[in-house]
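Q: Sequence and predicted model, in that order:
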Amino acid sequence: MEAMYAFFMDKAGMGQAGAHVTVAAIMATLMFIVMALCALVFTWMERKVAAFLQSRWGPMRTGRWQGWAQAVADMLKILGKEDIIPAEADKALFIFAPLLVLLGSLLAWAAIPWAPGFVAADLDLGLFYIFAVSSMVIIGILMAGWASNNKWALYGAARGAAQMVSYEIPLALAAIPVVMYTGSLNTQDIVIAQQGGIWNWFIFRNPFLFVSFFLYFVASIAETNRGPFDMPETESELVAGYHTEYTGMRFAFFFLSEYANLFLVSMIAVLLFLGGWWAPIPGLDFLPAALTFVIKGVLMVFLNMWVRWTLPRVRVDQLMHLCWKVMIPAALICTVGAGLWMMASGAAG
Amino acid sequence: MVQYFADMVQAVGSALQGMGITIKHIWTRPVTLQFPEERQVMPERFRGFVHNDMAKCDACNICAKLCPVDCIYIVTEGKGKDRLMTRYAIDYNKCIWCSLCTENCHTGSITMSHDYDHSVYDRRSLVYEFMDPNVAKIPCHRQTRIEQGWWVEPKDDKDEGGKGDDA
């Protein structure tokens, strides 16, 4: 990043402001391309993982190898679809909602540290920023459900809002022990604190952090509205939930943001608990940092898919019970426990 | 309070148990067959499309008479040793795969094959003509036919039943 700033300021002769705008534009474009790519790859991966877990083949015909072109074909199909806005819908909100959902996930991607020094927005409050902007997705979902003027969409949106607001709390609480250890909310600092092998990753530092990882993982599934917590879009009861009335490109935005969010929470799990860009054992150092980071992220995504295609959907009351009566107390205990552990082991400053 | 923690342990345990079951299928080969390339091996007594071996058939008409839905069409001309078969057709639109024809065929020419994928665009295509279009007439009398070189009688023809023979 510093090299990029230096290039645009010295070589290209731009001012400081010009260099900042240029770098920001490049990074935003890059993030959007990566996001679109990951949606493409993960739709295919989701179908293949689901198929293999159920002893099926999944898509096999499109493209030569394992139906790899299925996602591309799906994307082309969705681009060619008619764009319908229901007659009774609130037009302005209906159009704006998918953009807001997408914006929420795209903004959060800015603070992801891909490699040492390579982060679109190197914020001191990086982690806080990620949790804050990813909450914008809730507003988009609520907006989509309300604007559709459809009872299923509204039910889905109301459930989605209730679920996501609730699960923000254990999600953030599970990250607090890590922040206590690091003493910083900067995403780069958090990764740097886990340097040197798998035993230095926060997940294995102490038992409370291990439980925190587990809590984070469960909360992140609920945050991304995926099974077994896919209450906002339960096919069997709510048609498709908040995006029932959406077609074509607007539906694609929801789809894109779902997979972008999936990868986002997986990457946050990697940077918080699984050592970010550091290789698990010193022998694997030759891999580029960004590649190590992405591989770990994809493995976390696989774990998410594995859970989704194994466990049955929970009821709304079970969902709320799990959040308020189990996960939040457990996260609080973990926070206190990790603090005491730090004092006992002399890690506290 | 004890129940609260017991439920927690049970929830985590059962979730892990379920995930252990599903992950096993990642390593095992899927049970789905890629149909046109891979085909299921049919059981020996599978009742596929009825097939008639024209070389053996002597147009005795038993199958046509037994057929509950009258889907077998046999046309012959002449009598006795000069009897000639001009048409043998089965209408698969009507066939109910009851296997009465194959069980009672005394020459063992009509059998249930293992074919099952004869999709057609027109239902008229499901009337199968078994006569070779280049051959207008086949003598029905067995001895005459052997003399004319239509069919050389196999030696172990005795125990050849009417079914299980892949066409």
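A: Structure received.

Q: Get me the contact residues on chain B for chain A.
A: By CB under 8 Å from any CB of the partner chain, the residues of chain B that approach chain A are B:8, B:15, B:18-19, B:21-23, B:25-26, B:28, B:30-32, B:34. Quick note: C-beta positions are derived from backbone N, CA and C, even for glycine.

Q: out of the residues you listed, which is most surrounded?
A: Using other CB atoms under 10 Å in any protein chain shown as the contact criterion, the top neighbour count among these goes to residue B:22, which has 19 neighbours.

Q: in what helix or strand does that one lie?
A: In the assignment (DSSP states H and E), residue B:22 maps to helix B:2-27.

Q: those helices in the stretch 201-349 of chain A, which residues are they?
A: If DSSP state H, counting those that start in this stretch is used as the criterion, the helices of the stretch 201-349 of chain A fall at A:207-223, A:235-238, A:248-273, A:289-308, A:316-321, A:328-345.

Q: I'd like to know which of those helices lies nearest to chain B.
A: When the helices of the stretch 201-349 of chain A are ranked by distance to chain B, counting by CB to the nearest CB, first place goes to helix A:289-308 at 6.1 Å.

Q: Tell me if that closest one is near chain B.
A: Yes. Between helix A:289-308 and chain B, judged by CB under 8 Å from any CB, the touching residues are A:306-307.

Q: Which elements pack onto that helix?
A: Packing partners of helix A:289-308 (3 or more CB pairs under 8 Å, 6 or more residues apart in numbering or on different chains; DSSP states H and E): helix A:16-53, helix A:207-223, helix A:248-273, helix B:2-27.

Q: And the ones you listed: which comes nearest residue A:91?
A: Shortest separation from residue A:91 across those is recorded for helix A:248-273, at 11.9 Å, computed as CB to CB.

Q: what pLDDT, on average, does stretch A:229-238 get?
A: In this model, stretch A:229-238 carries a mean pLDDT of 79.

Q: Only the buried residues of it, if you could.
A: For stretch A:229-238, burial by neighbour count (16 or more other CB atoms under 10 Å in any protein chain shown) applies to A:229-234, A:238.

Q: ok so, going back, and the helices of the stretch 201-349 of chain A, which one is worst for confidence?
A: Set side by side, those differ in mean pLDDT, and helix A:235-238 is lowest with a mean of 77.

Q: who does that helix touch, helix- and strand-wise?
A: On the basis of 3+ CB pairs under 8 Å, 6+ apart, helix A:235-238 makes packing contacts with helix A:151-182.

Q: can you tell me if the helix it packs on touches chain B.
A: No. With CB under 8 Å from any CB as the measure, helix A:151-182 is seen stopping short of chain B, the closest distance being 14.1 Å.

Q: Packing partners of that helix?
A: helix A:126-134, helix A:136-147, helix A:187-192, helix A:207-223, helix A:235-238, helix A:248-273, helix A:316-321, helix A:328-345.

Q: buried sites along that helix?
A: Within helix A:151-182, the residues that qualify as buried by neighbour count (16+ other CB under 10 Å) are A:152-164, A:166-182.

Q: okay but residue A:269 is in contact with residue A:220, surely?
A: Yes. Taking CB atoms under 8 Å as the definition, residue A:269 is a contact partner of residue A:220 at 6.5 Å.

Q: Buried residues in the strand ranked longest in chain B, which are they?
A: Longest strand of chain B, by residue count under DSSP state E: strand B:84-91. Within strand B:84-91, the residues that qualify as buried are B:84-85, B:88, B:90-91, counting by 16+ other CB under 10 Å.

Q: neighbouring strands for that strand, and are they parallel or not?
A: Strand B:84-91 has the following sheet partners, assigned by DSSP bridges: strand B:72-77 (antiparallel), strand B:127-129 (antiparallel), strand B:138-139 (antiparallel).

Q: For that strand, what is the distance to the chain centroid?
A: Averaged C-alpha coordinates place strand B:84-91 at 19 Å from its chain's average position (CA atoms, centre = their mean, to the nearest Å).

Q: same thing with stretch A:280-290?
A: Average the C-alpha atoms of stretch A:280-290, do the same for its chain, and the two points are 24 Å apart (CA atoms, centre = their mean).

Q: Render the CA-only coordinates of that stretch in CSV, please.
A: Taking Å, rounded to 0.1, in the frame of the first residue of the first chain, the C-alpha atoms of stretch A:280-290 are listed here in CSV:
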residue,chain,number,x,y,z
PRO,A,280,0.3,-23.0,10.2
ILE,A,281,3.8,-24.6,10.3
PRO,A,282,7.1,-22.8,9.5
GLY,A,283,7.7,-25.1,6.5
LEU,A,284,4.7,-23.6,4.6
ASP,A,285,6.2,-20.1,4.7
PHE,A,286,6.9,-20.1,1.0
LEU,A,287,3.3,-19.6,0.1
PRO,A,288,2.3,-16.0,-0.5
ALA,A,289,0.6,-14.4,2.5
ALA,A,290,-2.6,-13.5,0.6
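
Q: For the nearest residue to residue A:8 once chain neighbours are set aside, the count of nearby residues, please.
A: With CB to CB, 6 or more residues apart in numbering or on different chains as the criterion, residue A:8 has its nearest non-adjacent residue at 3.8 Å, and that residue is residue A:19. Number of residues near residue A:19 (other CB under 10 Å) recorded here: 19.

Q: And the pLDDT at residue A:19?
A: At residue A:19, the model reports a pLDDT of 79.

Q: shouldn't it be in contact with residue A:10?
A: No. The pair formed by residue A:19 and residue A:10 falls short of the contact definition of CB under 8 Å, at 9.2 Å.

Q: tally of neighbours for residue A:302?
A: Using other CB under 10 Å as the criterion, residue A:302 is surrounded by 16 other residues.

Q: Residue A:266 versus that one, what's the distance?
A: Plainly put, residue A:302 is 9 Å away from residue A:266 if you go by CB to CB, to the nearest Å.

Q: Residue B:42 now?
A: As defined by CB to CB, residue B:42 lies at a distance of 46 Å from residue A:266.

Q: dump the residue contacts of residue A:49.
A: With contact set as CB atoms under 8 Å, 6 or more residues apart in numbering or on different chains, residue A:49 has these partners: A:302, A:305-306, A:309.

Q: out of the residues you listed, who has the most neighbours?
A: Across the contacts of residue A:49, the neighbour count under other CB under 10 Å reaches its highest value at residue A:305, namely 21 neighbours.

Q: quick one, what contacts that residue?
A: Applying CB under 8 Å, 6+ apart to residue A:305 gives the contacts A:45-46, A:49-50.

Q: Residue A:82 and residue A:250 touch, don't they?
A: No. Under the criterion of CB under 8 Å, residue A:82 makes no contact with residue A:250, lying 11.2 Å away.

Q: out of the strands paired with strand B:84-91, deepest packed?
A: Among the strands paired with strand B:84-91, the stretch with the highest mean neighbour count (mean count of other CB atoms under 10 Å in any protein chain shown) is strand B:138-139, at a mean of 21.

Q: got the contact list for that strand?
A: The set of residues that contact strand B:138-139 without belonging to it, under CB under 8 Å, 6+ apart, is B:54, B:82-85, B:131, B:145, B:148, B:150.

Q: Weed out the non-buried ones from those.
A: Judged by neighbour count, with buriedness set by 16+ other CB under 10 Å, the buried members of the contacts of strand B:138-139 are B:54, B:83-85, B:131, B:145.

Q: and these as TSV, adding pLDDT and distance to residue A:112?
A: Putting these into TSV (pLDDT from 0 to 100; distance: CB to CB, whole Å) gives the following:
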residue	pLDDT	distance to residue A:112
B:54	82	73
B:83	84	87
B:84	85	85
B:85	85	80
B:131	81	74
B:145	77	83
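
Q: Identify, from those, the entry nearest to residue B:102.
A: For residue B:102, the nearest member of the buried ones among the contacts of strand B:138-139 is residue B:54. The distance, counting by CB to CB, is 15.2 Å.
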